[in-house]
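A.B. asks: show me the folded form of this:
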Amino acid sequence: VKKQGAMVIKTETCAFSGLKIFPGRGKRFVRQDARAYLFIHRKQSVYYLMKRNPRKLPWTQFYRRFHKKGTAAEEVHKRKNRGARSTALSRGIVGASIDEIKAKRTENPQRRLAAREALVRDIKTRKKADAAKKKAERPKTAAPSTKAQVPKTTKAPSKPKTGGGKR
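C.D. replies: Numbering: from 1, shown residues only. Alright, predicted model coming up:
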């Protein structure tokens, strides 16, 4: 029994989208300067004639290559980013050294919560003291004047309105 080798099919690529075109498929367009273009579907040929840029259409292979989509390098890049984050946390930030950051990270959550509540209480008492001081400094306003209240005069009833308008 003879084993036959895999059949080789000659494929061409679409001049617009970069997709494979198998024999018997596609449409060939020959320009006036005798340059031939092969398109896989009518959509690609129409887009070519409308002078669309295949690098701006996400479904084309040219776009994917131009924007580095679906390559093995992309996954390697993601892995590198994950590793880079852990090293970034090993150095200090402006206003806090690495020792302070590590101490805060390892600190007990209940202790951190208690410290926060104490700070809030301190701020509230300070605000109350400031408010009391301002109240004490403010001169007491004079008692309301003892002028005799003048009774309001009521208008004499005017004539009732008659419906004399535009309508």
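
A.B. asks: so which residues of this protein form helices?
C.D. replies: In the chain, helices defined by DSSP state H lie at 42-49, 61-66, 72-88, 98-106, 109-137, listed in chain order.

A.B. asks: quick one: low-confidence ranges for this structure?
C.D. replies: Per-residue confidence of the chain (counting by pLDDT under 70) places the weak regions at 1-3, 73-89, 140-148, 150-151, 160, 164, 167.

A.B. asks: next, the distance between the ends of stretch 91-110.
C.D. replies: The first and final residues of stretch 91-110 sit 26 Å from each other (CA to CA, to the nearest Å).

A.B. asks: repeat for stretch 10-28
C.D. replies: End-to-end distance for stretch 10-28: 16 Å, by CA to CA.

A.B. asks: how far does that stretch sit from its chain's centre?
C.D. replies: Here the centre of stretch 10-28 is set off from its chain's centre by 39 Å, with CA atoms, centre = their mean, to the nearest Å.

A.B. asks: for stretch 24-32, which positions count as buried?
C.D. replies: Going by neighbour count (16 or more other CB atoms under 10 Å), the buried part of stretch 24-32 is 26, 29. Heads up, the C-betas are built off the backbone N, CA and C, glycines and all.

A.B. asks: over to stretch 9-27?
C.D. replies: For stretch 9-27, the neighbour count (16+ other CB under 10 Å) marks 14-19, 21, 26 as buried.

A.B. asks: circling back: reformat the helices of the chain into CSV and put distance to Lys166 and mean neighbour count next to each item.
C.D. replies: Converted to CSV, the helices of the chain look like this (distance: least, CB to CB, whole Å; neighbours: other CB atoms under 10 Å):
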stretch, distance to Lys166, mean neighbour count
helix 42-49, 64, 16
helix 61-66, 68, 15
helix 72-88, 76, 9
helix 98-106, 77, 11
helix 109-137, 60, 10
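
A.B. asks: let's have those helices in JSON lines, adding distance to Lys159.
C.D. replies: Putting the helices of the chain into JSON lines (distance: least, CB to CB, whole Å) gives the following:
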{"stretch": "helix 42-49", "distance to Lys159": "82"}
{"stretch": "helix 61-66", "distance to Lys159": "83"}
{"stretch": "helix 72-88", "distance to Lys159": "85"}
{"stretch": "helix 98-106", "distance to Lys159": "82"}
{"stretch": "helix 109-137", "distance to Lys159": "56"}
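
A.B. asks: in strands, which of the buried residues of stretch 9-27 fall?
C.D. replies: Counting by DSSP state E, the buried residues of stretch 9-27 place Ile21 in strands.

A.B. asks: no more questions from me, cheers.
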